[in-house]
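>>> I would like to see how this sequence folds:
(one chain, ligands or ions: 2)
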Amino acid sequence: MTFSIHGLPVARGIAIGRAVLVASSRVEVTHYFIQPDEIKAEIERLRVARDAVVDELQRMQAEMPKDMPPELGAMLDVHLMLLQDETLAYEIRRWIKERLYNAEWALISQLEVVVRQFDEMDDPYLRERKADLEQVVDRVLRHLKGAATPIAAPPPRPPRQQDLGLDDTLDVPLVLVAHDLSPADMLQFKKSVFAGFVTDVGGKTSHTAIVARSMDIPAVVGARSASQLVRQDDWVIIDGDAGVMIVDPSPIILAEYGFKQRQGELERGRLARLKNTPAVTLDGQKIALLANIEQPGDTEAAMAVGAVGVGLFRTEFLFMGREGKLPDEEEQYAAYRAAVEGMHGMPVTIRTIDIGADKPLDDRRPDTHLNPALGLRAIRWSLAEPAMFLTQLRAILRAAAHGQVHLLIPMLAHASEIRQTLELIDRARAQLDARGAVHGRVLLGAMIEIPAAALSLRLFLRHFDFLSIGTNDLIQYTLAIDRADESVAHLYDQLHPAVLRLVADTIAAGARAGKAVSVCGEMAGDTSVTRLLLGLGLRSFSMHPSQVLAVKQEILRADAGKLQAWAQAVLDSDEPAELLVG
Ligand code: PEP
Ligand code: MG
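Ligands and ions are numbered 1, 2, ... in the order given. Presented below is the predicted three-dimensional model:
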């Protein structure tokens, strides 16, 4: 039966494929694809873990004191029986063999299938057995954890399908459906070839959504119970424009979306022709369209769309999901240098680490502070860990010897933070000089993403060569709306008059001081506000590469001079959104 689930649109386009559920579990599970020649070893890994749990339970049974309640013995019997159930084991092996899921993923996938069957049972005794099964699976997962070596490998070519009228010569795309994915998980999946993805939680500018956007596949977040309602292998359509997932579509709906998908591809083809067209408005204003990247390899995508530099390299992604072992100076230097060289002489803006809030260093140890978005995040963490910060600064300064590097500092608000940061940059330089290491000059910039910074522009313009407006956080902190929380996503409003005022004032103050101002938050890549930002005087936009050509198209059609008066009217309005329609 066809039904649809609504969420927040994150990345545009239509994806049609079979659902791959990344199930949640009480034990943290890594999901990855194995290679076909690893199937035997993976099944063996599972067998070893299962046997270890059987041993453990049998030992518990043997050592059980005589006066233990009989229910405990019965429970152990049930657990052993489930563990040795051949049908269950066969189904789990099938996920490994046919889908190339790693053992943990296979186990969790089958658990989900069985749990649903239990839930549908009328017999309360049998329904209760669900908890037993979950406990057994948890035990096996714990044993697997010790032995697991997650390697992100591209998924196999999916099986051929001939049903539902799809072209049977094509491989069926896979669509990822999960309750939640950490930004580090997303990076893992970035190496795979999913056609689209949906999560239950998350806001439009949560970091998971941002990495999803960088995968350039249709995506929907905040779809609430999607991962509960969809089953493994269900046919689904992801409409990344409308923020909708359609499950089990009828042939008519499939045909309609197939048509929309082809239209989208044609549009992309048309936009691709703009790659080498300079981004100049009708009245001759030159606009810099820069790329946001998370990894050095992303420079390829930036070059492919004709970006004229990197406006934001989110370096924290090099630090995440490494179980506490941070990259040393050499590793970081290699990464920054690769990004600089990847842009072939064009500027690369490297932002120092912005860890915290919804970007924990380690998924397995999420930030447990009372309010992580207001806590020890970004520059605050860097200043609290000067050895780590100096290592990063040295690596960036060394990379600057290979090209144009702009050094960008996130989340500054206080004069004292600016002072300490500048001192540490000087110290990093002195350390490099002391050991005779080559380093280069950098332009120094500050993110304007805390309202206090946007209200202290004189201070910032005195100390920095350029400013970059982080609208994602500026909106979050101005409106007191957690950007990652879908329950308040309707109030996360980039057009709130207060937000626009702070953005406009920053652009104007930069222009008066003769210093460059860029926007590197998601607003820069949102074509619905390109004309407004142009009218407010913005001349530098940094966004994910997938957005660059669409924004360029808007710029080519705009007259920046004529937009000025209208932009001022929008700024003065109590309901700016009304003036933006049409
Ligand atoms: C922002 O806050 O707008 C920004 C660009 O930084 P991040 O999204 O990484 O917090
Ligand atoms: Mg930010």
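
>>> hey, let's count contacts and neighbours off CA atoms from now on
OK.

>>> buried set for stretch 473-488?
Using 16 or more other C-alpha atoms under 10 Å as the test for burial, stretch 473-488 gives 473-479, 481-486.

>>> Now look at it and say if it contacts ligand 1.
Yes - judged by C-alpha under 6 Å from any ligand atom, stretch 473-488 comes into contact with ligand 1 through D473.

>>> Centre of the chain to that stretch, how far?
Put simply, stretch 473-488 sits 17 Å off its chain's centre (C-alpha atoms, centre = their mean, to the nearest Å).

>>> how long is that stretch end to end?
15 Å (C-alpha to C-alpha, to the nearest Å).

>>> contacting residues around it?
201-207, 222, 358, 373, 448-451, 472, 489, 491-494, 498-499, 521 (C-alpha atoms under 8 Å, 6 or more residues apart in numbering).

>>> what subset of those is also close to ligand 1?
Among the contacts of stretch 473-488, ligand 1 is touched by 449, 472, 521 when using C-alpha under 6 Å from any ligand atom.

>>> Now, of the contacts of stretch 473-488, which are buried?
By 16+ other C-alpha under 10 Å, the contacts of stretch 473-488 give 201-207, 222, 358, 373, 448-451, 472, 489, 492-494, 498-499, 521 as buried.

>>> hmm, the worst-scoring helix or strand of the chain on mean pLDDT touching ligand 1?
The least trusted helix or strand in the chain, going by mean pLDDT, DSSP states H and E, turns out to be helix 183-190, with a mean of 71. No - residues of helix 183-190 are not located near ligand 1 by C-alpha under 6 Å from any ligand atom, the shortest gap being 11.0 Å.

>>> So which elements touch that helix?
helix 207-215 (3 or more C-alpha pairs under 8 Å, 6 or more residues apart in numbering; DSSP states H and E).

>>> list the buried ones in the helix it packs on?
207-215.

>>> Using CSV, please lay out the residues you listed together with pLDDT.
Conversion of the buried residues of helix 207-215 to CSV gives the following (pLDDT from 0 to 100):
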residue, pLDDT
H207, 82
T208, 79
A209, 84
I210, 84
V211, 79
A212, 79
R213, 81
S214, 80
M215, 80
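
>>> What is the nearest of the residues you listed to ligand 1?
Set against ligand 1, the nearest of the buried residues of helix 207-215 by C-alpha to the nearest ligand atom is H207 (6.5 Å).

>>> Would you enumerate the residues in contact with the nearest residue to the closest one once chain neighbours are set aside?
In space, and not counting its chain neighbours, H207 is closest to P183: 6.0 Å by C-alpha to C-alpha, 6 or more residues apart in numbering. Neighbouring residues of P183 by C-alpha under 8 Å, 6+ apart: 207-208, 211, 359.

>>> Go through those and say which is closest to W95.
For the contacts of P183, the residue nearest W95 by C-alpha to C-alpha is T208; the value is 26.3 Å.

>>> just to revisit the earlier point, taking the buried residues of helix 207-215 together, which two end up most distant?
H207 and M215 (12.6 Å).

>>> any shared contact partners between the two?
Residues touching both H207 and M215 by C-alpha under 8 Å, 6+ apart: none at all.

>>> Contact partners for the residue of the stretch 401-550 of the chain found nearest ligand 1?
Relative to ligand 1, the nearest point of the stretch 401-550 of the chain is G470 (3.0 Å; C-alpha to the nearest ligand atom). Applying C-alpha under 8 Å, 6+ apart to G470 gives the contacts 447-449, 519-521.

>>> so of the ones next to ligand 1 among the contacts of stretch 473-488, which ones are in strands?
Among these, no residue falls in strands (DSSP state E).

>>> Please render those residues as JSON lines that adds pLDDT and distance to R270 to the earlier fields.
What follows is these, written out as JSON lines (pLDDT from 0 to 100; distance: C-alpha to C-alpha, whole Å):
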{"residue": "E449", "pLDDT": "98", "distance to R270": "35"}
{"residue": "N472", "pLDDT": "97", "distance to R270": "30"}
{"residue": "G521", "pLDDT": "97", "distance to R270": "26"}
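
>>> Same list (the residues you listed) but as JSON lines, adding distance to I287.
Formatted as JSON lines, those follow (distance: C-alpha to C-alpha, whole Å):
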{"residue": "E449", "distance to I287": "22"}
{"residue": "N472", "distance to I287": "21"}
{"residue": "G521", "distance to I287": "17"}
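
>>> Tell me the pLDDT of P155.
According to the prediction, P155 has pLDDT 41.

>>> brain fart, L408
Confidence score, pLDDT, at L408: 98.

>>> In a strand, it, correct?
Yes - counting by DSSP: H, G, I helix; E, B strand; the rest coil, L408 falls inside a strand.

>>> got a list of what it touches?
For L408, counting by C-alpha under 8 Å, 6+ apart, the contacting residues are 349-352, 444-447.

>>> Repeat that for G345.
Applying C-alpha under 8 Å, 6+ apart to G345 gives the contacts 403-404.

>>> Just the closest of the ones next to ligand 1 among the contacts of stretch 473-488 to D119, please.
Nearest member of those to D119, counting by C-alpha to C-alpha, is N472, at 40.9 Å.
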